[in-house]
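Undergrad: Using only what follows, build the 3D model:
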Amino acid sequence: LMVVIFSEAAFADRKFMLSDFQMSPDGKLVAFQYQHKPQGLHRLGLINLETGALTPIPAPQGKHLGSPSFSYDGKRLAAVIGDNSAFSVSQIVVIDLATIQLTQVTEGREPRYYPVFQPGTDQILYVVGGLGIFYHLRLLNISDHTETTVLEKQDGFLVVISRPSFVTSTEIIFQAIAPSDPELKDAVKQLTESEFAQVSYRLRFGDHPELLFPHVESNRKAFFRPGLSWLSASENGNHVVVVYLSNVEPRTKGVGYNYEIFKLENGKLKQLTNVRSHIQAAHVSYKGSKVAFGSDPKRRREWDLFVLDMKTGKIRATNLLERL
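TA: Alright, predicted model coming up:
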């Protein structure tokens with residue numbers, strides 16, 4: 001891995017915001033998305049958790065770069081590149097981590113989001129939608145640039161599909177809002193009292209989306225709680241990780257909700273952390289050893305990167321925000 005250390009002098013008088021974290025399959029690297037506040041470009045970087053080295057990933061002049069995701073051998077990243085921060089017109093790029101070179105693998109003027117590598121193949125699954133188009137899913141063959149629609153528009157979602165996680169090579173789990181299918185829409189409404197609630201889904205390729213764990217999602221209706229967020233899974237779904245309200249202290253008076261990292265275990269949510277903070281962008285490594293997440297106890301949208309060791313339960317602070 002080519003390592004370039006960020007210059008402390010270059011960043012001394014700037015303010016940055018971290019907004020996305022992706023753990024490498026082996027839990028040794030974290031790819032992060034950051035932005036110079038308030039109107040700077042989205043950029044990507046890598047932090048090596050063993051050495052502490054930071055590696056910037058350059059982008060073409062004036063372009064936003066975001067939504068990183070590792071290949072399963074840890075040698076490449078998939079990401080999106082676009083002209084604006086909303087990525088309303090964007091392309092998918094593959095980044096070789098040995099050379100930090102970007103290769104564009106799509107063309108056209110579509111909004112593309114959340115590219116993720118498919119296990120065991122040289123294909124990338126990504127979300128397309130917005131601008132009056134129902135969010136749906138396509139599978140891109142990197143070698144010949146052919147595409148297959150995995151989830152059709154008529155079976156898609158009106159508002160959003162969040163980053164999918166592969167459980168097997170032909171099955172994913174993800175979160176989404178406002179399904180187009182009438183029966184699924186009714187099921188969501190009965191479960192949460194709103195057809196526009198974000199809930200979790202399972203999709204087996206060639207089939208239709210189905211609710212992933214409705215018995216867990218229904219808790220928000222019973223206890224008037226926000227739902228699950230930042231769903232991700234390790235290989236074969238051995239670890240399914242989400243962010244949810246603390247079981248110990250769900251709300252601090254005068255401060256707000258306290259979110260924690262949870263694992264779905266035997267059909268129930270098991271709380272793994274007790275940081276009593278505002279947590280976002282949690283992601284479990286493909287091998288299931290670590291979880292990267294952003295935490296901001298002051299609720300100022302100033303998330304810093306922390307890493308949870310799934311074996312020991314210990315949490316490591318990286319001080320990434322200060323280093324930037």
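Undergrad: what's the closest non-adjacent residue to V167?
TA: Distance criterion C-beta to C-beta, 6 or more residues apart in numbering; nearest residue to V167, sequence neighbours excluded, is G237 at 4.1 Å. From N, CA and C alone the C-beta is placed, and that goes for glycine too.
Undergrad: R202 is in contact with the one you found, correct?
TA: No: counting by C-beta atoms under 8 Å, G237 does not reach R202; the two are 9.5 Å apart.
Undergrad: Find residues that contact each of those two.
TA: Shared contacts of G237 and R202 (C-beta atoms under 8 Å, 6 or more residues apart in numbering): V167, I173.
Undergrad: where are the low-confidence patches of the stretch 1-150 of the chain?
TA: 1-14, 38-39 (pLDDT under 70).
Undergrad: give me the number of residues near the residue nearest to V167?
TA: 16 (other C-beta atoms under 10 Å).
Undergrad: hang on, L321 packs against F16?
TA: Yes: in this structure, L321 is within contact of F16 by C-beta under 8 Å, at 6.7 Å.
Undergrad: Just to be sure, Q190 is in a helix?
TA: Yes: assessed with DSSP: H, G, I helix; E, B strand; the rest coil, Q190 lies in a helix.
Undergrad: How confident was the prediction at it?
TA: Confidence at Q190, expressed as pLDDT, is 89.
Undergrad: and it, how far is that from L211?
TA: 11 Å (C-beta to C-beta, to the nearest Å).
Undergrad: same question, S246
TA: For S246 relative to L211 (C-beta to C-beta), the value is 24 Å.
Undergrad: neighbour count winner among the two?
TA: More crowded of S246 and L211, by other C-beta under 10 Å: S246, with 20 against 16.
Undergrad: How about the contacts made by the more buried one?
TA: S246 touches N258, Y259, E260, Q271, N274, R276, counting by C-beta under 8 Å, 6+ apart.
Undergrad: if I read this right, the fourth one contacts L264, doesn't it?
TA: What that stands for is Q271. No: using C-beta under 8 Å, Q271 makes no contact with L264, being 11.4 Å away.
Undergrad: Excluding chain neighbours, give the residue nearest to F16 in space.
TA: L324 (4.4 Å).
Undergrad: The one you found against Y34, yeah?
TA: Yes: judged on C-beta under 8 Å, L324 makes contact with Y34 at a distance of 6.4 Å.
Undergrad: shared neighbours of these two, anything?
TA: Residues touching both L324 and Y34 (C-beta under 8 Å, 6+ apart) are F16, L18.
Undergrad: Looking at these two, which is more packed in?
TA: Y34 (22 against 19).
Undergrad: No more questions from me, cheers.
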